[in-house]
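J.: heads up, no residue letters with this:
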């Protein structure tokens, strides 16, 4: 049985790195919220292709930077599922699509954060089932 979605590729929509002096800036971050992850998806009218954008915003006190990255993935939808309700396709995009794109984002954040610092930022592993709803 073929999967609901098949990964075709990704593009980096934007990647911004800003230096921040956390002592001077009015940035209110609790210890629990230095990371924001958002997903958006779209499905073509014929339900044969889909796109997923994963946006990660990270405030790192370790390297005094804000990193904002958005990556768009393109997926082909299995024809067997294209005739079904879009809910299962949307769920596959949010959960499986994010699981496919997130390692690329983790890698890019680590690479970019280490350009001018001796320590690289490693994003935490992510249980993408949180995007199930």
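T.: Looks like it came in fine. Remember, predicted model here, so these are calculated numbers, not experimental data. Numbers count the residues shown, from 1 in each chain.

J.: from here on, contacts and neighbour counts on C-alpha atoms
T.: Will do.

J.: would you mark the buried spots in whichever strand in the chain runs longest?
T.: As assigned by DSSP state E, the longest strand anywhere in the chain is strand 5-19. Using 16 or more other CA atoms under 10 Å as the test for burial, strand 5-19 gives 5, 6, 7, 10, 15.

J.: helix, strand or coil: sort out the residue nearest to residue 90 when sequence neighbours are not counted for me.
T.: Once flanking residues are discounted, residue 90 sits nearest to residue 41: 7.5 Å by CA to CA, 6 or more residues apart in numbering. Secondary structure assignment for residue 41 (DSSP: H, G, I helix; E, B strand; the rest coil): strand.

J.: go on, the one 10 residues further on?
T.: For residue 51, the assignment made with three-state DSSP gives strand.

J.: that one and residue 130, how far apart?
T.: 19 Å (CA to CA, to the nearest Å).

J.: of the two, which one has the most company?
T.: When neighbours are counted by other CA atoms under 10 Å, residue 51 and residue 130 differ, and residue 51 comes out ahead with 19 against 9.

J.: so what pLDDT did that one get?
T.: On pLDDT, residue 51 comes in at 98.

J.: same check on residue 37?
T.: Residue 37 carries a pLDDT value of 93.

J.: that one belongs to a helix?
T.: No. Residue state for residue 37 (three-state DSSP) corresponds to strand; a helix is not indicated.

J.: without its sequence neighbours, what residue ends up closest to it?
T.: In space, residue 37 is closest to residue 56, 4.6 Å off (CA to CA, 6+ apart).

J.: and for residue 64?
T.: In space, and not counting its chain neighbours, residue 64 is closest to residue 20: 5.2 Å by CA to CA, 6+ apart.

J.: and the strand or helix carrying the residue nearest to residue 37 with strand 35-43, angle?
T.: In this structure, residue 56 sits in strand 49-60 according to DSSP states H and E. Taking axes from the mean of the first three to the mean of the last three CA atoms, to 10 degrees, one finds strand 49-60 and strand 35-43 inclined to each other by 170 degrees.

J.: what helices and strands are in contact with strand 49-60?
T.: On a contact count with 3 or more CA pairs under 8 Å, 6 or more residues apart in numbering; DSSP states H and E, strand 49-60 meets strand 35-43, strand 65-77, helix 98-113.
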